[in-house]
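1. quick one, what's the 3D model for this:
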Amino acid sequence: MTNMLKKWFTKSQQGEAGVIALLAEAVYWQDSQGELHTFPITATPGAPSDWTQALNAALEKVKPHSRHLTVLLGSHYYQVLQIDKPKIPSAEWPKALPYLLKDLLSEKPSEVVASAVSLPFGGKIQAYVLSKSILNPLLRCFDEHQFTLNALLPDDEIWGYSSDELANFMLLQRSDAGAYKLSAFVAHVPVFQRTLRAIFGPLTGENGSESQLDTVALELQRSMDYVSAQAKGVAFNQLKVCCDGEEIAELVDALNARLIAKVTPLQQAALDDPSHLQRSVQRLLCSAKASREIALDLYPESLRPQRQRMTLPAVALGWAALFVVLSGYSGWLSYHHAQLEQQVTQQKQQNSALSTELEQINQAVAKHQADPQINAAIARVQQDIQGKRDAIAVISDYETRDHGGYSDVLYALANLPNQRIALTQISMSHQQFDLQGEALSASAVPEWVGEFKQQVALVGRSFESVTIRRDEQTRVWFELRSQSQEAK
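-> Here you go, the predicted structure:
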């Protein structure tokens, strides 16, 4: 239970992740002041070296500074193989490579992890294979010391970024007690690695020999010619040198005298002041910290812890944030509730005022209701007025019918100037005005009717029917009726 609590509530270190190098002879770590710490690997004759002790010692040293580390593996711990590029997405390479390489490995696919990078030419990939017999003890050391492994990188990939100004170059490199190694890089990607066997250092100084230098130069030239033939279109005319235990200036001059390519030290400051010369592992560690474009990783996602450990400060911060949110929400609810209460109070007051006003209006309406006696008196007066109106209408009609007379009409007809009309019959009443007579011609009838407008008594007289006919003696007779026979 205690161990579980430690895992979940371990205080994590802040800051930039550290880098350590696990090489054949030792474990190396360089602190923030640039001091290199070395933890030698003890080797027992006839038995494999136990590098876990050196790694444990290094982790104890690093622990106060960082809990997140990237590990650089020396070529002693992994294998490098070049194969044709598989026709599967690159994201699936880590799972597929152990089975694609099974015929080239002595271990089962389940006992190794692998990753790869595409080579810039030839349609091939360069695969790095790491045995789980190395990976599992390394992960146990990290877990025991409560470290997080960020990445597991082969040193070949890091050396491709060791030259600040070049992306295509060749590198002659040797670490303490190690072998001379030649590598070629195209666009920072390692495309060729070769260990120069049967070459023993140092090549310069008191113990150096011209024959050794001649042999090294011959091997280097052969390798350069081979790589140039493989990488068509890429010129390898730069050779960088980074060898521990050598007089760098002397080695550069000796190789320049023997090779076509230009030879320069990987650390240019070493020519001016040998005191600034870094060991190759220091250059490796610095290059690993500076490089950010390496996509290859021998620590697959399938082996990484899937759980995320909580820390006590994170939990406390989470509870504090939750408390602040809940407090703010509670305060907002209280404020909103107070606002609603105030609105309810205002609505109640307004409702009470409206109720009082309604009651007053009802009382005023009751006071202003009409008296039934007054309504009856008004009805009687209206009846009396209507009766008088009817009497006036009757009297007016009587005066029109009985006292107007027809003398004015007869007088007007007699005074019409037209002499072509002779009336034989006149029929008049209040609603009737019919004329019959004889005319000299048919056209004389409308002309005569048109003369009615000259007499005041005849103005407005109209006829609904007009009949004009000739008898057997061709005399013209007419008949004007104010009402048609059907209306009568």
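2. and residue 43, what does it touch?
-> residue 49 (C-beta atoms under 8 Å, 6 or more residues apart in numbering). (Each C-beta comes from the backbone N, C-alpha and C, glycine too.)
3. got the phi and psi for it?
-> Reported as degrees, to the nearest 10, the phi and psi values for residue 43 are phi -120, psi 130.
4. swap in residue 167?
-> Recorded main-chain torsions at residue 167 are phi -110, psi -30, according to degrees, to the nearest 10.
5. residue 358 belongs to a helix?
-> Yes. When DSSP: H, G, I helix; E, B strand; the rest coil is applied, residue 358 is found to be in a helix.
6. so what's the residue count around it?
-> 10 (other C-beta atoms under 10 Å).
7. would you map the helices across the chain?
-> Ranges of helices in the chain, per DSSP state H, are 2-8, 51-62, 93-100, 132-144, 155-159, 210-230, 248-258, 269-272, 280-290, 312-367, 372-403, 407-414, 444-450.
8. now mean pLDDT too, for these, in JSON lines please.
-> Shown next, in JSON lines, are the helices of the chain (pLDDT from 0 to 100):
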{"stretch": "helix 2-8", "mean pLDDT": "38"}
{"stretch": "helix 51-62", "mean pLDDT": "92"}
{"stretch": "helix 93-100", "mean pLDDT": "92"}
{"stretch": "helix 132-144", "mean pLDDT": "93"}
{"stretch": "helix 155-159", "mean pLDDT": "89"}
{"stretch": "helix 210-230", "mean pLDDT": "90"}
{"stretch": "helix 248-258", "mean pLDDT": "91"}
{"stretch": "helix 269-272", "mean pLDDT": "52"}
{"stretch": "helix 280-290", "mean pLDDT": "83"}
{"stretch": "helix 312-367", "mean pLDDT": "89"}
{"stretch": "helix 372-403", "mean pLDDT": "74"}
{"stretch": "helix 407-414", "mean pLDDT": "84"}
{"stretch": "helix 444-450", "mean pLDDT": "88"}
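9. winner for burial among these?
-> Mean neighbour counts were taken over the helices of the chain using mean count of other C-beta atoms under 10 Å, and the top value, a mean of 25, falls to helix 155-159.
10. ok, back up a step: pipe the helices of the chain into a markdown table and attach distance to residue 432 per row.
-> A markdown table is the format used below for these (distance: least, C-beta to C-beta, whole Å):
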| stretch | distance to residue 432 |
| --- | --- |
| helix 2-8 | 125 |
| helix 51-62 | 139 |
| helix 93-100 | 124 |
| helix 132-144 | 134 |
| helix 155-159 | 133 |
| helix 210-230 | 137 |
| helix 248-258 | 151 |
| helix 269-272 | 145 |
| helix 280-290 | 131 |
| helix 312-367 | 60 |
| helix 372-403 | 12 |
| helix 407-414 | 12 |
| helix 444-450 | 17 |
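11. residue 26: which of those helices is closest?
-> When the helices of the chain are ranked by proximity to residue 26, the top entry is helix 51-62, at 6.3 Å, counting by C-beta to C-beta.
12. packing partners of the closest one?
-> Packed against helix 51-62 by the contact rule (3 or more C-beta pairs under 8 Å, 6 or more residues apart in numbering; DSSP states H and E) you find strand 18-22, strand 26-30, strand 36-40, helix 132-144.
13. 6 Å instead, please
-> Counting contacts by 3 or more C-beta pairs under 6 Å, 6 or more residues apart in numbering; DSSP states H and E, helix 51-62 packs against strand 26-30, strand 36-40, helix 132-144.
14. do you know which of those lies nearest residue 216?
-> Evaluated over the helices and strands packed on helix 51-62, closeness to residue 216 peaks at strand 26-30, with 25.3 Å, by C-beta to C-beta.
15. nearest residue to residue 193 in space, ignoring adjacent ones along the chain?
-> Nearest in space to residue 193, with sequence neighbours left out and distances taken as C-beta to C-beta, 6 or more residues apart in numbering, is residue 183 at 5.1 Å.
16. hmm, the one you found is touching residue 194, no?
-> No. Distance between residue 183 and residue 194: 7.7 Å, which falls outside the contact criterion (C-beta atoms under 6 Å).
17. who has more neighbours out of these two?
-> Set side by side, residue 183 and residue 194 show more neighbours around residue 183, with 23 against 16, by other C-beta under 10 Å.
18. quick one: contacts for the more buried one?
-> Shown here is residue 183, whose contacts under the criterion C-beta atoms under 6 Å, 6 or more residues apart in numbering are 159, 171, 190, 193.
19. output those as CSV; include the columns distance to residue 266.
-> As requested, these are arranged in CSV below (distance: C-beta to C-beta, whole Å):
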residue, distance to residue 266
159, 9
171, 7
190, 15
193, 16
